[in-house]
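[1] coords below, sequence missing:
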């Protein structure tokens, strides 16, 4: 579906927005046959501006209009398809506003006043109406943390029409003044342990979903279906998250087969790491892995997938400075990327590198060695350190010897041009 493709791409960079505009009666009427023949409600009577805009500049702007009859239209620039147009039904309750489209619009036509029908799905897009002085924004709950981060960093209130969040047309010239009026429900989203889905993509562990009612679910999938699942209740003590397991799926489930939950007991713990406005979950005893992916440039990531559990949506939040890690691990965070070379290869296949303690090297760090002019290389762990030398061993699964004298050694190699 075109709208769904737009939302998937736009969620990383922008918040979805709505534009309320006056238009002539459409032909045919989009509400025909939907059971929504109540008297049309003009946007002005809801206190909403006439148009909301987000995106880049000029022709790259996205616009969505809420028509007086209860229908909405969205125009979205797409690099492949040009201008994409979508439409549906809109409704408002207080500071909530939702777009219904497709078959979902028909299903919720008669019960739209029930907020339980306003949950995100393939046919429902819920928003919050954010008042900020004389400005009006539309932000979905999934991007609450991004909006708060934009306010804190000064990216909002912005002075241009386009931006990361939909704002009423013309509000870029209006004064914001004071802090924005944020929904009370966002207090949970911005709390010490924000609710939502934490994932590291396809890597082991799957994803953990923390719900506002204090329950959680963890699922791990394979190419054929569900491989394992657990669920229960959670609690937190400062930055320690405790997940109590109450039920589990212990046998692989093929796609289409019923899922059988069995009583289970156990406990899972995570440290909650707040890096700026981002929220990570780090397993106890996994601090070395965390600092390594930071040194290697895999974090802070800008993609959905990674090696550490990150709250979905936080990949779009910029950070500055190093992450807050326990004091005993701070020395493992390199202030600057290191570059050295393999100066010798020992009989057991390990490589002697020209980087040592005086460069900030610590045992357990992972470096990448590549032959000059070559495109491939090998990752090696530091197994011994001296003042100006260290010894690298090939990571498990690599055959030895892998190192050759003269190889360049890099501490940062995620998306690094030297690796290419």
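    Good, I have the coordinates. Keep in mind that this is a model prediction, so the values were computed, not measured.
[2] how far away is residue 85 from residue 267?
    Computed as CB to CB, to the nearest Å, the residue 85 to residue 267 distance reads 51 Å. Quick note: C-beta positions are derived from backbone N, CA and C, even for glycine.
[3] Over to residue 193?
    From residue 193 over to residue 267 the distance is 16 Å, taken as CB to CB.
[4] Which of these two has more residues huddled nearby?
    Neighbours were counted for residue 193 and for residue 267 using other CB atoms under 10 Å; residue 193 has more, 21 against 9.
[5] Please verify my assumption that that one contacts residue 240.
    No - counting by CB atoms under 8 Å, residue 240 is not a contact partner of residue 193; they are 9.3 Å apart.
[6] what is in contact with those two at once?
    Both residue 193 and residue 240 are contacted by residue 272, under the criterion CB atoms under 8 Å, 6 or more residues apart in numbering.
[7] So residue 294 lies in a helix, does it not?
    Yes - the assignment for residue 294 (DSSP: H, G, I helix; E, B strand; the rest coil) places it in a helix.
[8] Against residue 152, how distant is it?
    To residue 152, residue 294 is 22 Å away according to CB to CB.
[9] can you check residue 409 too?
    As it turns out, when the distance is counted by CB to CB, residue 409 lies 38 Å from residue 152.
[10] Spatially central residue (nearest the centroid) of this structure, please.
    For the chain, the residue lying nearest the average C-alpha position, counting by CA atoms, centre = their mean, turns out to be residue 313 (2.2 Å).
[11] can you pull the contacts of that one?
    Contact partners of residue 313, counting by CB under 8 Å, 6+ apart, are 11, 142, 143, 145, 146, 196.
[12] What about residue 141, how many residues nearby?
    By the measure other CB under 10 Å, the count of residues near residue 141 is 19.
[13] pretty sure it is touching residue 128, no?
    Yes - applying CB under 8 Å, one finds residue 141 in contact with residue 128, separated by 6.7 Å.
[14] overlap in contacts of those two?
    Counting by CB under 8 Å, 6+ apart, the shared contacts of residue 141 and residue 128 are residue 186.
[15] Among residue 294 and residue 152, which residue is more densely surrounded?
    In terms of neighbours (other CB under 10 Å), residue 294 is the more surrounded of residue 294 and residue 152; the figures are 21 against 11.
[16] what about stretch 154-168, start to end distance?
    In stretch 154-168, first residue to last residue: 18 Å (CA to CA, to the nearest Å).
[17] same thing with stretch 334-349?
    End to end - CA to CA - stretch 334-349 spans 26 Å.
[18] can you tell me the average pLDDT over the helix or strand harbouring residue 76?
    Following DSSP states H and E, one finds residue 76 within strand 71-78. Averaging pLDDT along strand 71-78 yields 82.
[19] Could you look up the next helix or strand downstream of it?
    The C-terminal neighbour of strand 71-78 among helices and strands, as given by DSSP H and E, is strand 82-93.
[20] Report the separation between residue 183 and residue 144.
    Noted for residue 183: a distance of 8 Å to residue 144, by CB to CB.
[21] From the neighbour counts alone, determine which of these two ranks first.
    Regarding residue 183 and residue 144, a neighbour count based on other CB under 10 Å identifies residue 144 as having more, with 24 against 16.
[22] On the three-state scheme, that one is what?
    Assigned with three-state DSSP, residue 144 falls in the helix class.
[23] Does it touch residue 186 like I think?
    Yes - under the criterion of CB under 8 Å, residue 144 is in contact with residue 186, at a separation of 4.7 Å.
[24] which residues touch residue 242?
    Residue 242 is in contact with 234, 235, 236, 267, 268, 269, counting by CB under 8 Å, 6+ apart.
[25] Quick check: PyMOL command selecting the buried ones in the residues you listed.
    A single PyMOL command suffices to select whichever of those are buried according to 16 or more other CB atoms under 10 Å:
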select buried, resi 234+236+268
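[26] Could you list which of the contacts of residue 242 belong to strands?
    Of the positions in the contacts of residue 242, 234, 235, 236, 267, 268, 269 sit in strands, assigned by DSSP state E.
[27] And those residues, which is the shakiest by pLDDT?
    Scanning those for pLDDT, the smallest score is found at residue 236, 80.
[28] Is that residue bridged to anything, and to what?
    Partner residues in beta bridges with residue 236, using DSSP bridges, are residue 241.
[29] Please report the distance of it from residue 325.
    Distance, residue 236 to residue 325, by CB to CB: 19 Å.
[30] repeat for residue 332
    Residue 332 sits 8 Å away from residue 325 when distances are taken as CB to CB.
[31] For these two, list the residues in contact with both.
    287, 291.
[32] The chain: helices as residue ranges?
    According to DSSP state H, the chain carries its helices in the segments 2-13, 102-107, 144-153, 186-189, 287-295.
[33] Now the weakest link among those helices, please, by mean pLDDT.
    Per-stretch mean pLDDT for these is lowest at helix 2-13 (a mean of 38).
[34] Specify the beta-bridge partners of the closest residue to residue 198 other than its chain neighbours.
    The shortest distance from residue 198 to any non-neighbouring residue, by CB to CB, 6 or more residues apart in numbering, is to residue 309 (4.2 Å). Note on residue 309: beta-bridge partners by DSSP bridges are residue 281.
[35] same check, this time on residue 378
    Each beta-bridge partner of residue 378 is listed here: residue 369, as defined by DSSP bridges.
[36] What residues does it make contact with?
    For residue 378, counting by CB under 8 Å, 6+ apart, the contacting residues are 368, 369, 394, 395, 398, 402, 403.
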